[in-house]
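Enquirer: Sequence first, predicted model second:
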Amino acid sequence: MSRKKFIAGNWKMNTTLTEAVELAKGVVETVGKQADVDVAVCPPYTNLSAVYDVIKDSNVKLGAQDVHWEAKGAYTGKVSCAMLKSAGVTYVIIGHSEQRQYFAETDETVNKKTKAVLAAGLMPIICVGETLDERKNGKMNTVIETQVKGAFAGLSVEDALKCTIAYEPVWAIGTGETATPQQANEAHIFIRNVLVGIFNKQTAEEIRIQYGGSMKPDNAKSLLQQSDVDGGLIGGASLKAADFKGIVLPQ
Ligand code: PEP
């Protein structure tokens, strides 16, 4: 089964409006014509529309970093799927470890968000991954399995196929520590086996699993060459167009 690689940049809480537009222009110039790799950028909410204007005639798609599962109403500070859609969004990151760590994201809220995103015709990028303590204490597989099962609970095969999983070991995010290609691939194969258990082999083979955690131009190639690493979710290195290009088109 050959899965098209998918590289997404998570700009996190970086970029003012001017900076976002500049960065988006750089991304379009460097990788905007790529047809053999799917590429997306995920700016902060306030920059979504402006970035969409820059990328809309290129192959680069727009992603958001989070969403609320409710459709509308008295949820101060939250943004709905319909709002994201109207800003040009295609993908939504759900369950990022920073959301889980700082903003009380749980497997239950990840599942609610996933269902809302799919119902709106958007595509989830669901983040899972263990902390260093969990890895050291041999809990890694249990943690990942629980997160994957929680996220996909109640989803049809048809909906599951619209999802991407990002395996992001928490100890590798923003730390400069990267999982070795072998560590990443083992975790991806484990996740795929969990998907076989939830759905079936064919579905599991089709769902893309990105690696995230200090991926950079100089380690991207060896990670992306692994059998089950289908792309990357990139934080720090997505904030410079040249670095992002070095991951989309690794040398
Ligand atoms: C992320 O936050 O999704 C991420 C992978 O960050 P970084 O690349 O900076 O480790």
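Expert: Perfect, thanks for sending it. Every value quoted in this text rests on a predicted model; they were computed, and no experiment measured them.

Enquirer: List the single closest residue to the residue in the stretch 101-250 of the chain positioned nearest to the ligand in space, sequence neighbours excluded.
Expert: Per CB to the nearest ligand atom, Gly235 is where the stretch 101-250 of the chain lies closest to the ligand, at 2.2 Å. Where you see a C-beta, it was placed from the backbone N, CA and C, and this is true even at glycine. Nearest-residue entry for Gly235: Asn10, 5.2 Å, with adjacent residues in sequence omitted and distances by CB to CB, 6 or more residues apart in numbering.

Enquirer: just checking, the one you found touches Gly236?
Expert: No. Counting by CB atoms under 8 Å, Asn10 stays clear of Gly236, with 9.3 Å between them.

Enquirer: So for those two, which residue has more residues nearby?
Expert: More crowded of Asn10 and Gly236, by other CB atoms under 10 Å: Asn10, with 26 against 19.

Enquirer: centroid residue for this protein?
Expert: Closest to where the C-alpha atoms of the chain average out (CA atoms, centre = their mean) is Ile125, at 4.1 Å.

Enquirer: tell me which residues form a beta bridge with that one?
Expert: Here Ile125 sits in beta bridges with Ile93, Thr164, going by DSSP bridges.

Enquirer: wait, it sits on Asp38?
Expert: No. Between Ile125 and Asp38 there is no contact under CB under 8 Å: 11.1 Å.

Enquirer: Just the buried positions in the worst-scoring helix or strand of the chain on mean pLDDT, please.
Expert: Lowest on mean pLDDT, DSSP states H and E among the helices and strands of the chain sits helix 132-136, with a mean of 93. Across helix 132-136, burial judged by 16 or more other CB atoms under 10 Å covers Glu134, Arg135.

Enquirer: Which positions within the helix or strand hosting Val196 qualify as buried?
Expert: For Val196, the enclosing helix or strand under DSSP states H and E is helix 181-198. Neighbour counts over helix 181-198 (16+ other CB under 10 Å) mark 181, 183-188, 190-192, 194-195, 198 as buried.

Enquirer: need those in TSV with pLDDT and distance to the ligand, can you?
Expert: What follows is the buried residues of helix 181-198, written out as TSV (pLDDT from 0 to 100; distance: CB to the nearest ligand atom, whole Å):
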residue	pLDDT	distance to the ligand
Pro181	97	16
Gln183	96	15
Ala184	97	12
Asn185	98	17
Glu186	97	18
Ala187	98	14
His188	98	15
Phe190	98	19
Ile191	98	16
Arg192	98	20
Val194	98	20
Leu195	98	21
Ile198	98	24
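
Enquirer: Run through the helices of the stretch 101-250 of the chain in chain order.
Expert: Using DSSP state H, counting those that start in this stretch, the helices found in the stretch 101-250 of the chain span residues 107-119, 132-136, 140-152, 157-160, 181-198, 201-206, 217-224, 241-248.

Enquirer: So which elements touch the fourth one?
Expert: For helix 157-160, there is no helix or strand it packs on, judged by 3 or more CB pairs under 8 Å, 6 or more residues apart in numbering; DSSP states H and E.

Enquirer: how distant is that helix from the center of its chain?
Expert: Centroid separation for helix 157-160 versus its chain: 17 Å, with CA atoms, centre = their mean, to the nearest Å.
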